[in-house]
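# Sharing a model prediction with you, sequence too.
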Amino acid sequence: MTTISPLIAGNWKMNGLSQSLDELTELAQLLTTGEAPRAVVVVCPPATILAAVAAQGASSGIMAGGQDCHVEASGAHTGDISAYMLADAGAQFVIVGHSERRASHAENDDIVRAKAEAAIGAGLKPIICVGETESERDGGSAESIVNQQLSRSIPDAAEHHEIVVAYEPVWAIGTGRTPTLEEIAQMHANIRARLVERFGEERGNTLRILYGGSMKPLNAREILNVDNVNGGLIGGASLLAKDFYTIISSV
Ligand code: PEP
């Protein structure tokens, strides 16, 4: 059985000013004074404070990630940020295909795949998000939707060690609702099977599959113990150092 080092990533979304670096200071203190974390820790702040997070986090092993990137390396794209810029600011990861971007910026799988490609080209590890809506789950098509997103959003040339997959049921994000542990286990087993099909037995079994959607200090331990859950992508609960630390310590 392959062991995968878990990864806990915090997605701050459009939250955080320079004073939020105090939370990072507190998190760093908790991580360095408490028991050594058994997870890779990543914080994905807004781009305005990414460089500061990367610089400040380095001494305590906290890595920085972007929340999105443009498909091009540079050019006439007012307001956009390229993967190279994120890397230049100190990022090592970038979230692509988050359901909020799929919904409010009309990002389809082709765009997500191009973003993941751009990220890999810039030396970043894309965290590729997939997940069904509530009506898709109710209609019984959750697995087929996720499988389609997976096959279309992962770049053809991607190597298994260059990417992370995050399963984020859209209806669980920011709602306080989560799938049952059985539903999480079933979907993660399905994703694992697709990754093994794509990358082969050995490689497909080393790829991280994160769970995201209303993971909180109270439910983190049980979710993180589910088979094929190799970490979490955390939104709301990553904004407070104590909560995020509790989740990290649940690994
Ligand atoms: C997310 O936005 O990726 C997320 C998981 O949010 P929350 O934890 O707040 O549901």
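Yep, it's here.
# how far is whichever strand or helix holds Ala64 from where the chain is centred?
Following DSSP states H and E, one finds Ala64 within strand 62-66. Centroid separation for strand 62-66 versus its chain: 11 Å, with CA atoms, centre = their mean, to the nearest Å.
# now check it, is it near the ligand?
No: Strand 62-66 lies out of reach of the ligand by CB under 6 Å from any ligand atom, never closer than 11.8 Å. No exception for glycine: its C-beta is placed from N, CA and C like everyone else's.
# Within its sheet, name the partner strands of that strand and how each one runs.
Strand pairing for strand 62-66, determined by DSSP bridges: strand 40-44 (parallel), strand 93-96 (parallel).
# now those in JSON lines, with distance to Asn228, mean pLDDT and mean neighbour count?
As requested, these are exported to JSON lines (distance: least, CB to CB, whole Å; pLDDT from 0 to 100; neighbours: other CB atoms under 10 Å):
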{"stretch": "strand 40-44", "distance to Asn228": "17", "mean pLDDT": "98", "mean neighbour count": "25"}
{"stretch": "strand 93-96", "distance to Asn228": "20", "mean pLDDT": "98", "mean neighbour count": "27"}
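# want to try TSV for the ones you listed, with distance to the ligand as columns?
Output for the strands paired with strand 62-66, formatted as TSV (distance: least, CB to the nearest ligand atom, whole Å):
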stretch	distance to the ligand
strand 40-44	9
strand 93-96	8
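# give me the number of residues near the one residue in the stretch 1-150 of the chain that gets nearest to the ligand?
Residue nearest to the ligand within the stretch 1-150 of the chain: Asn11 (4.5 Å; CB to the nearest ligand atom). Other residues near Asn11 number 26, with proximity taken as other CB atoms under 10 Å.
# Let me see the contact set for it.
For Asn11, the contacting residues are 44, 67, 95, 98, 212, 233-235, 238, by CB atoms under 8 Å, 6 or more residues apart in numbering.
# give me the beta-bridge partners of it?
Cys44.
# Out of the strands paired with strand 62-66, flag the one nearest Leu218.
strand 40-44 (19.7 Å; CB to CB).
# quick revisit: would you list the strands paired with strand 62-66 in JSON lines and tack on distance to Ala103?
Output for those, formatted as JSON lines (distance: least, CB to CB, whole Å):
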{"stretch": "strand 40-44", "distance to Ala103": "18"}
{"stretch": "strand 93-96", "distance to Ala103": "14"}
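# Can you identify the element that follows the longest helix that the chain contains toward the C-terminus?
The residue-count maximum for a helix in the chain (DSSP state H) belongs to helix 181-199. Later in the chain than helix 181-199, the nearest helix or strand by DSSP H and E is helix 201-204.
# quick one: strands adjacent to the very next helix or strand once past that following helix?
Using DSSP H and E, the helix or strand that follows helix 201-204 in sequence is strand 209-212. Sheet pairing of strand 209-212 (DSSP bridges) gives strand 164-167 (parallel), strand 231-234 (parallel).
# Are the following helix or strand past strand 209-212 and the ligand in contact anywhere?
Later in the chain than strand 209-212, the nearest helix or strand by DSSP H and E is helix 220-224. No: Helix 220-224 lies out of reach of the ligand by CB under 6 Å from any ligand atom, never closer than 10.5 Å.
# what do you get for stretch 178-186?
No: if you take CB under 6 Å from any ligand atom as the test, stretch 178-186 misses the ligand, and the best it gets is 8.7 Å.
# ok, residues contacting that stretch?
167, 169, 172, 187, 211, 213-215, 219, 222-223, 226-229.
# Give me every residue in the stretch 101-250 of the chain lying close to the ligand.
168, 173-174, 212-215, 233-237.
# ok, how many other residues are close to Ile111?
17.
# Could you pull up the contacting residues of the one residue in the chain that gets nearest to the ligand?
In the chain, the residue that lies nearest the ligand is Gly235 (2.1 Å; CB to the nearest ligand atom). Contact analysis of Gly235 by CB under 8 Å, 6+ apart lists 10-11, 13, 173-174, 212.
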